[in-house]
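Asker: next input, structure requested:
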Amino acid sequence: MSEAKTFFDNQLYLLLFACHATEPFSVKDVQEAVFDFHRTTVHKMLQNFEKWNYLERVTKTHYRATQYAKDIMNVNKDEVALWQLQTTI
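Answerer: Coordinates of the predicted model:
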């Protein structure tokens, strides 16, 4: 697998996680739920997504997906609730 494809896949995983999150999330949440990258790497990815308007910072340490990100990923509130229910079963 090429490095570029792996990088794209990681960004997609992070965006999917953000769009399906039911509450704001932190770097630690991403490390635990998506991938165990170094804290600095995850933070840089979150900053880029914020710059590209896919995420918004809600506190100094927590982020959430913007409506724009949810729209392009075709995620709505009902799907998030169903996704959360399926991952807890």
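
Asker: nearest the geometric middle of the protein, what residue?
Answerer: residue 18 (2.8 Å; C-alpha atoms, centre = their mean).

Asker: could you find the closest non-adjacent residue to that one?
Answerer: residue 65 (4.1 Å; C-beta to C-beta, 6 or more residues apart in numbering). For the C-beta atoms, the positions are set from N, CA and C on the backbone; glycine is no exception.

Asker: and if you look at residue 62?
Answerer: Per C-beta to C-beta, 6+ apart, closest to residue 62 is residue 24, 3.8 Å.

Asker: and for the one you found, the neighbour number?
Answerer: Using other C-beta atoms under 10 Å, residue 24 is surrounded by 17 other residues.

Asker: how far away is it from residue 6?
Answerer: Distance, residue 24 to residue 6, by C-beta to C-beta, to the nearest Å: 27 Å.

Asker: same thing with residue 43?
Answerer: 19 Å.

Asker: between the two, who's got more neighbours?
Answerer: Counted by other C-beta under 10 Å, residue 43 and residue 6 do not tie: residue 43 has more neighbours, with 15 against 10.
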